[in-house]
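> show me how the following folds:
(2 chains)
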Amino acid sequence: MNSRRSIRRALARVGELFYHGRRERELAEELATHLALAAAEYERAGLPPEEARRRARIKLGGLDAAAEACRDRRGLRWLDELAQDLRFGLRQLRRSPGFTAVAVLTLALGIGVNAAIFSLLDKAFFRPLPYPHAARLLWLTDENPRLGLRRQPVSAEEVEAWQQGAKPLLVGIVAGVSPEVVTCQFRPGRLRYATFASASGNLFSMLGVVQWRGRLLNPADAQAHHALVAVVSYSFWQRQFQSRPLSSGLRFRVLDFFPPEVAVVGVLPPGFRFGAKKVDFWIEYNALAAHPDPRHNLWAIALPRPGVKPSRLQAALNTMDAGLVRSDPQERGWQIAIEPLQHHFFSRISLYLVLLFAASGLVLLIVFANLANLFLARSETRRREFSIRTALGAGAGRLARQRLAENFLLAFFGIGFGLGLAGIGLKLLLVVLPPSLVATFQLLHPALFTMPELGWALLVTIAWMLLFAFLPAHRAKRFEYWRGLSGRVRGDRRGFRLQPLLMMAEMAMALSLLLTAGLFLRSFHKLVHAPLGFQRRHLISVGLDLQPPFPRKYGYASAAFHAFLRELLPRLRALSGVAGVAMASNPPLTPAAQSESAAFARAVDLSVVSPGYFRMMGARVLAGRVFNASDTNALPMRVVLTRNAAKRFFPGRNPVGRRLRWYRCRFTRARDPDCLVIGVVEDTRQTGLANTEPLVYESIWQEAFVGGNLIVRARRPLAELLAQLDAVMDGVAAASGLRMSIEPAILMRAQIAAAAAVPRFRSTLLLLFAVLALGLAMLGIFGVTHYFVQRSIHDIAVRMLLGASPGRVMADFLRKVLLWTGTGALLGWCLAWLASRAARSLLFEISPQDPWTYALATLALMVAALVAVWLPARSAAKLDPLTALRYE
Amino acid sequence: MAGKNDPNHKREIWPGTLVLMVLKSLETMGPQHGYGIARRIEQVSGQELLVNYGTLYPALIKLEQEGYIQSEWGNTENNRRARYYRLAPAGRKLLAEEARAWQRAHDLLARFWRPQEP
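You can find the predicted model right below:
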């Protein structure tokens, strides 16, 4: 009974908080009535009204004290006070809208930027991938430290050996081929591109995926000799089959396969993703692969049994791998590398994300430093207010709580706006993201904000509250309030010790950001102006493939294609708008070359080119010769190496005239594994602007070849030329009786731009951060100097009266600021040095200590600081000393 | 929550008795405003007790929060707006219990007092 009453009362007390205003009015009225009734009674006893009221008041005691006693009884005092403090804080903030706006906006900016990056970081590093055993899944690659090669694909032979040998350690191993784009036909006459991937049938069961419809792939699907079966993605099923039931026998044709018929046996759940690329349909790996397949072109993931450490698995696999034939000197030094699947998926962005997070952290710290400065300045100007309130009996604790409430409100609004900004920023990021990164980002957890992000924001708030609520409050406790009341506010010098320190820290942080961004910009500049290994002007590439149905015998198809090319190339060369034309299986910087799978291909890549290719591209020949018409099928295979390939295969020797035995490539020639090196050409930027992987060229006349890219160097306006090219190709194709698929032309200019997109995005985003940081730091310097000038008006006036010239006064200020900035700059150098060393792998051909960047960034900082300090310094120099002193 | 604000707490006699006086006054007089209650207590005590509003109103607030009394705004005979308090059923019950308890305590003490009389 009693406890129930207590609870009831506690609830009523809490409830009172919401009726605060009404209850106050009612209480006042009730007490007034009481007083009036008492006075009325005295009046009835014959006293004059005035006297009656006086008597009543004497009898009843103090009105305010009574009201206070009632309030105490009614509400929860501390909660009531908190509400009071918050209301008071709100009033205070409203009273200085400028301060509030600056504080809330900069805080929102800092927190928004930081929260957005944290959100990405959290998703990439800590949010498990959406598979049941995600944390245990391992990504297996070959690596060769001797050659400096990391994350290289594995071969089917290796995977099989591991599967057999490491059974006690493994739940399973899955291997597959990176996604490829193929041409599909769903009904007669309608061709569509689709992305397919092949993987061992147990992929889905290992990932723990449950089918949406039908069944998943299983290893037995490889044995079916009649038709290929596929499992399709949910969106592909919706798009191409209008979600029709599987029982109706869904089929389609893939023109790249032979035979092309594919039957759909299952649908994957909506939103299933594996890897950065969206895959439309999956096929059992062994159903397509030749057997045995010596190529190193597979990715592999392993699921160790519970309790098996990755290091133990790695050791076991390495022993097994050593057992495989590694007699060839080219094969020395290879070993197995293991990393968590999640690391692998986000390896493209993780380092940069960490860098960005550090940058956003610096921006946030600058915001904090700015606000701390602002608060210190404000606490000095509010000295009088606090003195009065102390004199009126406000305890130090209550004052501190009031400031805490004020800070809390600022933080609250700052975080609110900040999270809003972060949300907008993240959405915007997906829009401006370079296409090649979109897929990786889409792999991230789709929720905009999850609990960790909100927790992080909370943590930031708490840090903020602790830092800045108690700092000035502590000082408020210390000063003697009567001094503050004595009119002139000139305060102790101690108060100003902290501000230059904060300013220096700001300078340091801004400079380190500026430096890092500068390095990225310089690196980007170098990247886009680096020699590509070929002349980039007016190049067009057109995908050209022999279309099935072509004869099953590859050799025959190739001969037909060769004949077609022998006809086509001279005809194209004869066009007046064409400066040169050549054929290449793997020309530089095409979308295919830049794709993920190309980056994942064996470190030595192959391009099959027509003899005129090098001259047409403008590639420099360094040694020997390039192909000519005499290199025909009758002769042993001739190859041309790039400089890096020559270095790889024949370190320190002249490769021309030597024989090359070469396994780890896309093609293996059982016929003749030894090739004759006839020449060396300049390296070319093959898969990206920063990449000069070793490349081996073969001649199309010596290689089975059914498709590739036609490279044309144009001489006249493109639109006209493209129409001509199409007409000639169609004509030759029709005459030869072959079906050709001709892809739309791609301009080399566009390809180079696409290759530059990611580095451009990286440096732009960092530059944005740096500019933000610099702007905030300038604001900070401006604020502090302005405040410093305001406080030192008296001193300046006296100095000017004693004969100091305005120029001298101004020079003094500038000197001070330069001193602070300079000290800050030294610190900034150290910070930037650390940051850029960590991010070294993202930089292109530029040292992390690039002196030009350091000099320019520092100069920019100095200029910014001088600009920020100019106005306050000028107002000090323009001071009329007499007026200033009289004003005091 | 049980403590010095607890109406059954016997050591703090004064607030406890004030609560009783208030409840009793309301029981006798029916709905009444604060001033009326105060006057009633003063009159019944023969002016020995002086009730100022610093003690009366907190007690009223507490009683209302605990659900022993209810209040609403009304008008006095002179047409002044005043808040009228009225006994709630729980208050009636509490009053009965408390009255019995006080009677017992009084009787008990009386027995201690008696032998000392000459």
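> so residue A:236 is in which element?
Under the criterion DSSP states H and E, the helix or strand holding residue A:236 is helix A:234-241.
> quick one: average pLDDT of that helix?
The predicted model gives helix A:234-241 an average pLDDT of 90.
> what bits of the stretch 401-550 of chain A have low per-residue confidence?
A:445-450, A:468-497, A:547-550 (pLDDT under 70).
> residue of it nearest chain B, please.
In the stretch 401-550 of chain A, no residue comes nearer to chain B than residue A:401, which is 24.5 Å away by Cβ to the nearest Cβ. To be clear about C-beta, it is placed using only N, CA and C from the backbone, and glycine gets the same treatment.
> and chain B, which of its residues are near chain A?
Proximity of chain B to chain A (Cβ under 8 Å from any Cβ of the partner chain) is limited to residues B:1-2, B:6, B:8, B:33-35, B:38-39, B:50, B:52-55, B:57-58, B:61-62, B:65-67, B:76, B:78, B:80-83.
> make a ChimeraX selection of the buried ones in those residues.
Selecting the buried subset of the residues of chain B next to chain A in ChimeraX, with 16 or more other Cβ atoms under 10 Å in any protein chain shown as the burial test, is done by:
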select /B:33,34,35,38,39,52,53,54,55,57,58,61,62,65,66,67,76,82,83
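> out of the residues of chain B next to chain A, list just those in strands.
Residues from these lying in strands, with DSSP state E as the criterion: B:33, B:81, B:82, B:83.
> I'd like the residues you listed as JSON lines, with distance to residue A:797 and pLDDT appended.
Formatted as JSON lines, these follow (distance: Cβ to Cβ, whole Å; pLDDT from 0 to 100):
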{"residue": "B:33", "distance to residue A:797": "66", "pLDDT": "89"}
{"residue": "B:81", "distance to residue A:797": "62", "pLDDT": "86"}
{"residue": "B:82", "distance to residue A:797": "64", "pLDDT": "87"}
{"residue": "B:83", "distance to residue A:797": "62", "pLDDT": "89"}
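> still on that earlier bit, of the residues of chain B next to chain A, which belong to helices?
Judged by DSSP state H, those include B:34, B:35, B:38, B:39, B:53, B:54, B:55, B:57, B:58, B:61, B:62, B:65 as members of helices.
> can you name the element that comes right after the helix holding residue A:236?
With elements assigned by DSSP H and E, the helix or strand that comes after helix A:234-241 is strand A:251-254.
> show me what counts as buried in that next one.
Buried residues in strand A:251-254 (16+ other Cβ under 10 Å): A:252, A:253, A:254.
> quick one: the longest strand seen in chain A to chain centroid distance?
Of all segments of type strand in chain A, defined using DSSP E, the longest is strand A:170-187. Relative to the mean C-alpha coordinate of its chain, strand A:170-187 is positioned 28 Å out (Cα atoms, centre = their mean, to the nearest Å).
> that strand packs against which elements?
The contact analysis (3 or more Cβ pairs under 8 Å, 6 or more residues apart in numbering or on different chains; DSSP states H and E) places strand A:170-187 against helix A:156-165, strand A:190-199, helix A:203-207, strand A:251-254, helix A:285-288, strand A:296-304, helix A:596-600.
> what helices and strands are in contact with the helix or strand bottoming out on mean pLDDT in chain B?
Scoring the helices and strands of chain B by mean pLDDT, DSSP states H and E places helix B:13-29 at the bottom, with a mean of 79. Packed against helix B:13-29, as judged by 3+ Cβ pairs under 8 Å, 6+ apart, are the following elements: helix B:34-44, helix B:53-65, strand B:69-75, strand B:81-87, helix B:89-113.
> from those, which stretch is densest packed?
Mean neighbour counts were compared across these using mean count of other Cβ atoms under 10 Å in any protein chain shown; the top stretch is helix B:53-65, at a mean of 22.
> can you show me the CA trace of that helix as CSV?
Included here for helix B:53-65 are C-alpha records, laid out as CSV according to Å, rounded to 0.1, in the frame of the first residue of the first chain:
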residue,chain,number,x,y,z
TYR,B,53,0.9,28.5,4.1
GLY,B,54,4.5,27.5,3.9
THR,B,55,3.5,24.4,5.8
LEU,B,56,-0.1,23.9,4.8
TYR,B,57,0.3,23.9,1.0
PRO,B,58,3.2,21.5,0.7
ALA,B,59,1.2,19.1,2.9
LEU,B,60,-1.9,19.6,0.6
ILE,B,61,0.2,19.0,-2.5
LYS,B,62,1.6,15.8,-1.0
LEU,B,63,-1.8,14.5,0.1
GLU,B,64,-3.1,15.2,-3.4
GLN,B,65,-0.2,13.5,-5.1
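> this completes my enquiry, with thanks.
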